[in-house]
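**Q** Okay, here's the prediction I keep looking at, along with the sequence it came from:
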Amino acid sequence: MQLSCNYMSVKWHAVLLLGTLFVACGHAQESPFFVTYNHHMQEPGSLEIETSTTADVPRAGQRSYFAPWTELEYGVTAQWTAELYLDGQSTWNDSTIFTGWRLENRFRPFRREHRVNPVFYLEYENINEADRIQKEMEGGAPDVSSPNTVLRRLIDRELETKFILSSDVHDWNLAGNLIVAKNFSQHEGVEFGYALGFSRPLATLASGENCRLCRESFSAGVELYGGLGSALGFGFHDTAHYAAPVIAWAVSDNSTLRFSPGIGLTHQSSPVLFRFGYSYEIQGFGSKLARLFGGKQ
Amino acid sequence: MRPVRLVICVLWWLPMAYAQNMIYWPDPSWRAPEVAAARPNPLVQRLNAAAGGRKLFLRNCIECHNKEGSGIAKKHSADLLLPVVQQQSDGELFWKITNGNTGRGMPSFSKLPELERWQLVLFIRTLKPSS
């Protein structure tokens, strides 16, 4: 029985890894950020399929894990972007599990570009405590010590809002997010978090050639993110914080690879949090789908 | 004009008229502020930068404006060859690319670096109706 369980676990590890690599072999000048949101929305009618993974270097006594997630981002209008997330997690010598889903919406209230552009974000999460994608951090640090069998029974049905402020200054993008989340499944009070980031393309003039390894295909920046406790105990106590350089490479006209090694800044943080992701954009997906079903657009 | 010639003329021009968005009419409320419209293109002396603009155009704009820039009637997107577009100043075109007209489906392209948006303006100037 033990052998069978281990075999199943290895098989699931392989399936998750292969799934990530397969999609990773699948443009767009995308933001290099993993956690911070800016005011650039998905183009209307475009679908972006993204697969990303968070993996950590564990502290002594903790088991290493990797937490892949798949993201479907659709531009409903030029001012409204909707996303669906499917999260998973695999812990070494434990198990591989599906940890839940999230549905998020971002609304840009102003039609024109301003010096500072606000965006409103609303997300509903149906995940369990084993979820470790850490796409945003709010409240305290995640539990990375308990086994998946225990954590998966603890369901989080959470409503999360973000207030996003973003600005483009001389080709630099500066963005700040304030996160407020309420878990309806547990009595945790309202939790808070933050994310700050700045990024810039490495070249600002496009060459006439289709070069992939030249500077114009890369953008880089730095993110800072972490939890701010809850209404029951606001502040930095027992919270995880990271400083993470980020880099994005537009490998083709439609796809982007991103990588970020996040350095843990507090004892509650993992020493290093690696993130890598791949996104593929299908332009005009909405009209292609409509045509498939006999629509005109 | 003889009827046969008329029919040939109509049949010749009809597909082109269909492919182009001849019915495009600009949104009167979508106008750049005077200061923005007066901005000169910093790349105007670097005409080879238009090649990069073409690449950016193919990457970001053809979904709605077509490879030839003629627009797509179903999407109500601008026919960039029309005088009503070409007569606008570089600064005005730059402002429109930067801000978009989200109410009518044109997204903002402020995510592109500023010089790349000016390259797009350079390339739009090179668009000519195909014979």
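**A** Good, I have the coordinates.
**Q** separation between the most centrally placed residue in chain B and residue B:124?
**A** Nearest to the mean C-alpha position of chain B, counting by Cα atoms, centre = their mean, stands residue B:80 at 2.6 Å. Distance, residue B:80 to residue B:124, using Cβ to Cβ, to the nearest Å: 5 Å. (Each C-beta comes from the backbone N, C-alpha and C, glycine too.)
**Q** for residue A:109, same thing?
**A** 29 Å.
**Q** Now do the same contact list for whichever residue of chain B sits closest to chain A.
**A** Chain A sits closest to residue B:51 of chain B, with a gap of 2.8 Å, by Cβ to the nearest Cβ. Counting by Cβ atoms under 8 Å, 6 or more residues apart in numbering or on different chains, residue B:51 makes contact with A:207, A:208.
**Q** Work out for me the element it sits within.
**A** Using DSSP states H and E, residue B:51 sits in helix B:49-60.
**Q** can you check residue A:252 too?
**A** Applying DSSP H and E, one finds residue A:252 in no helix or strand.
**Q** How about residue B:121?
**A** Assigned by DSSP H and E, residue B:121 falls in helix B:114-126.
**Q** avg pLDDT for that helix?
**A** For helix B:114-126, the mean per-residue pLDDT is 95.
**Q** Run the angle between it and helix B:49-60 for me.
**A** 100 degrees (axes from the mean of the first three to the mean of the last three Cα atoms, to 10 degrees).
**Q** So for helix B:114-126, what gets flagged as buried?
**A** Under the neighbour-count criterion of 16 or more other Cβ atoms under 10 Å in any protein chain shown, helix B:114-126 has B:114, B:115, B:116, B:117, B:118, B:119, B:120, B:121, B:122, B:123, B:124, B:125 buried.
**Q** So which bits of the helix holding residue B:51 are buried?
**A** B:49, B:50, B:51, B:52, B:53, B:54, B:55, B:56, B:57, B:59, B:60.
**Q** Can you give me every residue that contacts the fourth one?
**A** For residue B:52, the residues meeting the contact criterion (Cβ under 8 Å, 6+ apart) are A:205, A:206, A:207, A:208, B:116, B:119.
**Q** change it to 7 Å
**A** A:205, A:206, A:207, A:208, B:119 (Cβ atoms under 7 Å, 6 or more residues apart in numbering or on different chains).
**Q** my read is residue A:286 is in a strand, agree?
**A** No. Assessed with DSSP: H, G, I helix; E, B strand; the rest coil, residue A:286 is helix; it does not lie in a strand.
**Q** That one touches residue A:42, doesn't it?
**A** No. The pair residue A:286 / residue A:42 is not scored as a contact, 10.9 Å apart, by Cβ atoms under 7 Å.
**Q** Of those two, give the one with the bigger neighbour count.
**A** residue A:42 (22 against 18; other Cβ atoms under 10 Å in any protein chain shown).
**Q** contacting residues around that one?
**A** Contacts for residue A:42 (Cβ under 7 Å, 6+ apart) come out as A:48, A:73, A:74, A:75, A:81.
**Q** Could you dump those into TSV with pLDDT, secondary structure and neighbour count added?
**A** Formatted as TSV, these follow (pLDDT from 0 to 100; DSSP: H, G, I helix; E, B strand; the rest coil; neighbours: other Cβ atoms under 10 Å in any protein chain shown):
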residue	pLDDT	secondary structure	neighbour count
A:48	96	strand	24
A:73	96	strand	20
A:74	96	strand	19
A:75	93	strand	22
A:81	96	strand	25
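**Q** so which of those also contact chain B?
**A** Among the contacts of residue A:42, no residue lies close to chain B (Cβ under 7 Å from any Cβ of the partner chain).
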